Structures are given as structure tokens and as C-alpha cells.
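Asker: Need a 3D model of the following:
(chains A and B)
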Amino acid sequence: MLSLLIRLLRGNRDFATLIICALLSAIALSLPPTAKTVVSTIMSAPIIRPVKRVATAADGLTRIRSENARLRRLVMELVEEKAALVSLRHENERLRELTSFIVGFAEEERFDLLPATVIGMPGGRIIEGLEIDAGAASGVEPGMPVIVPDGLVGKISRTTEGRSLVEPLTSASSAVAVTIERTRVRGIVRPRYGGTSELLDWQMDYVPARSDIRAGDRVITSGLGGLYPAGLIVGDVTSVDEGPLTMTVHVDIAAILPAIEQVFVLKGLVAPSPERDAMIQALLRELLTKDALSASSEETPSEETPSDLSDRGDP
Amino acid sequence: MRIRAFALLCAGALILDAALAPEIEILGARPDFLVLALVYGGLGIGVSISIIAGFLMGLMVDSELPEYLGLNALALSITAFVSASVLDRLVKSQVLVQCSVIFGATLLRDTIFYTIYYRGNLDIFGHFVLRYSLVGAGYTVAIGLLIHVIARLANWRAITGAPRR
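Answerer: Numbers count the residues shown, from 1 in each chain, chains lettered A, B, ... in the order given. Modelled structure (predicted):
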């Protein structure tokens, strides 16, 4: 049998090679584990191991690159999100100020305040008017005072169904009966224009000489003339020029017209209502509580999340 | 084909098998670059050398799985023997013959490997052959066809069997 196999192998070189290789494979398969490990280490050294190492490194590089791209996208998204949050925070603060003002103002004066948004500013270098999105349909009428939390803005000059035009204090024909809050000295505030129709400042006229007025005094509406109710902030005294008979008082207007986005139209006094008073009191309490909370959170600095911002309670 | 060129071809096949094949797998099936090297290399090198090449390449592949050291060596030796012997008896330059041999050789290698690896468990063996081997054999044939087209364009006589100019 063996001699027959040897004769067969002698006659067929290819078959003999196969038998030898198959035998070697069988021997390799039956080697003890330690010997297999040694042979494997020897056999993988020339080609497989270096190739695997390079392939692993390339794979890692690809993974790092894709991770890098993903992180870049994430950073961009976070930057956009942060910008949106900052914008929301500013809007929130502005609305909170407005709400605080409207609640406080209405509680003290019992005025009916109609909020409106500025939708246009006709005019060039000098703002000739403010266009707001509240008109006759909302009960707005010409002559009604327009205010912001900082102070008086002007009065309604024209109305249409859905819009109104506000004549601001910069208007050449503007004249407001005012008084100095500290000393109750009265006068009229008007804008003063230069030779080239350039607005120089506001001046308080008809003030008797040697009146007790000094820079920094608060100027408020006097209520004389019936156009503006008494007590609205107009601005502050910047300087005083003494004359022989009268004084010239220079006033800085409190409301900065180009920066105004939201205004309130003073529609008149409202009848006393216990429900309205209760609602205002509740709103005030809520605002005070949230102010106290936000003050305490500012003392302990922490990262703000979108939920934190929304929890502040937009008005 | 000279032995040195055949050795380079086998080394290239090992590199492709280790580095490229995992990246281009389709439905879990990979092209068998080692079988391609044995079939195309075996066209002009002879059966015996093909068997030895298959054995050595198999041992190198087995070094990744020391527990079954010798299994791929055995499978590739037999595959090399069968494919080279079949091609010796057929018109080996015909593309259909080459594709058939590649397909059969890939299946044969997987059959030997899985039969021993799963110790004759027919259920698992059948699953692997149907799920991976058939797709892998088709994939390998597609790569083989691509090589044949390139060989025709580059006028590699060993593969295309074109007469000398």
C-alpha cells in the first residue's frame, strides 16, 4: 500500500506537493497552543502584522477625521445656539423692564397704557416722527401722549385704522409744559435748532432769573395745558445760563429716540377696578420674586441653559 | 510568470486581503484576493508552485487565528491544486473559464474552511455558505473580471493568452 502511494507520488509531482502541504497543515493544526503561537508570530511578522498595523493606523486616522468634522459641526451649531440664546436673553430683559414699567406705572397713575411697536422712523438726520402699529382701531387718537420707561417720547399726531404717527420731542413745533421736580419751578421745554436745521439741544424757557435750578435736576411734565399729564419724566438739566430777567436751562431728553422699539400710548385714566388691582399686585409679586431669584443665581455663577432662560417667565 | 513575480503577486494579495478587503465588504461578504492571486498566478507558474504558494499564504493568514493554525493553509493548498489542475486542462485564457474557476475556487476554500472550523455542523455551515460564501464568490468573480479587463487593456499575455507581436 505504502509502496503504491510512493510510486503514485513519484509519478505525480503536483499531487505529491499537495499531500506534503496537507500533511504539514494537519501537523500545524495538531500542534500544542504554545507552539501554534510561536509559529503564528513568525508567520505574521513579514507581511500580515505590518499591514494590519498600517491599516489600524489608517482606520484610526479616518475615525479621527470624521470625529473632527462632527465636532466642527457641533461647535457651529452651539455658536448659533448661543447667539440665539443671547438674543433671547436681551429680549427677555427688555420685556421684563417694559412689564415692570407698565405694571408699576399703571398702579401708581391708573393710566390706560396701550403697548405698541415702532415700525418706522420717517425723517433723515432728524427723526421727524415714529410710526407705530396701533391706530384708531385700538382707540388711539391724535394728541395722546406716547411714553417709554425712560420718559416722554411725544404725542400722537395722525392716526389711521391700524397705524399712528408720533410727533416726537425733536419736532420743531414741540413744546412741553414742565417743572423741575426738586423745586417745582415751571417752564416750557422746546428743541433748539441751529442755522443749518441741526438739532442743538432742548431748552427750558420762561424760567425767571435766579430760580433754584442746577445741573442734574430732574425735569418732569407739569400737567399745565392739559396735553400731557403731570409727572412724566422729560429729562435732566445739563446746564444753566443766567440772564438779567430769565434763565436759560439746557435739558437732556431722557428718551433716546433712535433706540426705541416699544412704546406705550397713554389713552387716559381708567376707572378703579378691584380685579385689575389684584392682577397688577399678583404680577408685581411675581416680578419681585423672580428678581430676587435671578439676583441670588447671579451671586452663584453657573452655566445658563435654555430651560433656565425660559423659566424666568417671559411677560 | 516568473517565481519572483508570482511571490510579489501573492504578497500583494495578502496586503489587499488584510487592508482593503474589510473596507470594501458588501453584505458582510469580502472579495477573496488570495484565490484571485492563486488562479491568475497559477496560469503560468505550474500546479506545484501554486500549491506551495497557497500553503504559505494560508499559514500567514492563519497567524491571525493561531487556534486554527494550518486550516487556511490546508484550504488554500487544496484550492490551488484544484484550480491550477482544472485550468491546465481547459482553455485557460477564456474569460468564462477563468470566472468559473474563480467562483468554484472561492466556494471550495470556504467549504473546506467552514467544514473543519464548525466540525461538520451542517446548519451553521449551510448558513455561512449561503449567507457569505456565495456572495463572496460572486464578488471575487466581479473583481476577477475587472482584472481581466485591465489585463486586456495592458496586454498581459499571461492572463489574456494573446499571441506575441
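Asker: ok so B:Pro13 is a helix residue?
Answerer: Wrong residue type there; residue B:13 is Ala, not Pro. Yes - judged by DSSP: H, G, I helix; E, B strand; the rest coil, B:Ala13 forms part of a helix.
Asker: Can you get me a residue count around it?
Answerer: 23 (other Cβ atoms under 10 Å in any protein chain shown). For every residue, glycine as well, the C-beta is placed using N, CA and C.
Asker: got a list of contacts for the helix ranked longest in chain B?
Answerer: Using DSSP state H, we find that the single longest helix of chain B is helix B:95-117. If you take Cβ atoms under 8 Å, 6 or more residues apart in numbering or on different chains as the criterion, helix B:95-117 is touched by B:32, B:34-36, B:38-40, B:68, B:71-72, B:74-76, B:78-79, B:82-83, B:86-87, B:90-92, B:124-125, B:128-129, B:132-134, B:136-138, B:140-141, B:144-145, B:148, B:159.
Asker: and the residues you listed, which of them are in helices?
Answerer: Per DSSP H, the contacts of helix B:95-117 map to helices at B:34-36, B:38-40, B:71-72, B:74-76, B:78-79, B:82-83, B:86-87, B:124-125, B:128, B:134, B:136-138, B:140-141, B:144-145, B:148, B:159.
Asker: ok, which of these also contact chain A?
Answerer: Contacts with chain A are made by B:71, B:74, B:78 out of those, judged by Cβ under 8 Å from any Cβ of the partner chain.
Asker: From A:Ile27, how far off is the second one?
Answerer: Using Cβ to Cβ, to the nearest Å, we find B:Leu74 at a distance of 11 Å from A:Ile27.
Asker: quick one: which of those two has more around it?
Answerer: Legend: neighbour count by other Cβ under 10 Å for B:Leu74 and A:Ile27, higher for B:Leu74 (28 against 11).
Asker: can you tell me which residues contact that one?
Answerer: Contacts for B:Leu74 (Cβ under 8 Å, 6+ apart) come out as A:21-22, A:25-26, A:29, B:58, B:112, B:116.
Asker: can we see that at 6 Å?
Answerer: Contacts for B:Leu74 were tallied using Cβ atoms under 6 Å, 6 or more residues apart in numbering or on different chains; they are A:22, A:25.
Asker: Got the confidence number for A:Ser239?
Answerer: We have a pLDDT of 91 for A:Ser239.
Asker: element containing it, please.
Answerer: Secondary-structure element containing A:Ser239, defined by DSSP states H and E: strand A:233-242.
Asker: How about A:Leu98: what's its closest non-neighbour residue?
Answerer: Nearest non-adjacent residue to A:Leu98, counting by Cβ to Cβ, 6 or more residues apart in numbering or on different chains: A:Gln262, 5.8 Å away.
Asker: any idea how far the one you found is from A:Thr99?
Answerer: For A:Gln262, the distance to A:Thr99 equals 11 Å [Cβ to Cβ].
Asker: can you count the residues close to whichever residue of chain B sits closest to chain A?
Answerer: Closest approach between chain B and chain A, counting by Cβ to the nearest Cβ: B:Gly70, at 2.9 Å. Residues near B:Gly70, counting by other Cβ under 10 Å, number 25.
Asker: So which residues on chain A come close to chain B?
Answerer: A:13-14, A:17-18, A:21-22, A:25, A:28-29, A:36-37, A:39-40, A:43-44, A:47-48, A:51-52, A:55 (Cβ under 6 Å from any Cβ of the partner chain).
Asker: can you rerun that using 8 Å?
Answerer: Close to chain B, as judged by Cβ under 8 Å from any Cβ, chain A has residues A:13-15, A:17-18, A:21-22, A:24-29, A:31, A:33, A:36-37, A:39-44, A:46-48, A:51-52, A:54-55, A:58.
Asker: Which of the three states applies to residue 23?
Answerer: Looking at chain A here, since you left the chain open. Assigned with three-state DSSP, A:Leu23 falls in the helix class.
Asker: Switch to chain B, please.
Answerer: B:Glu23 ends up helix, using three-state DSSP.
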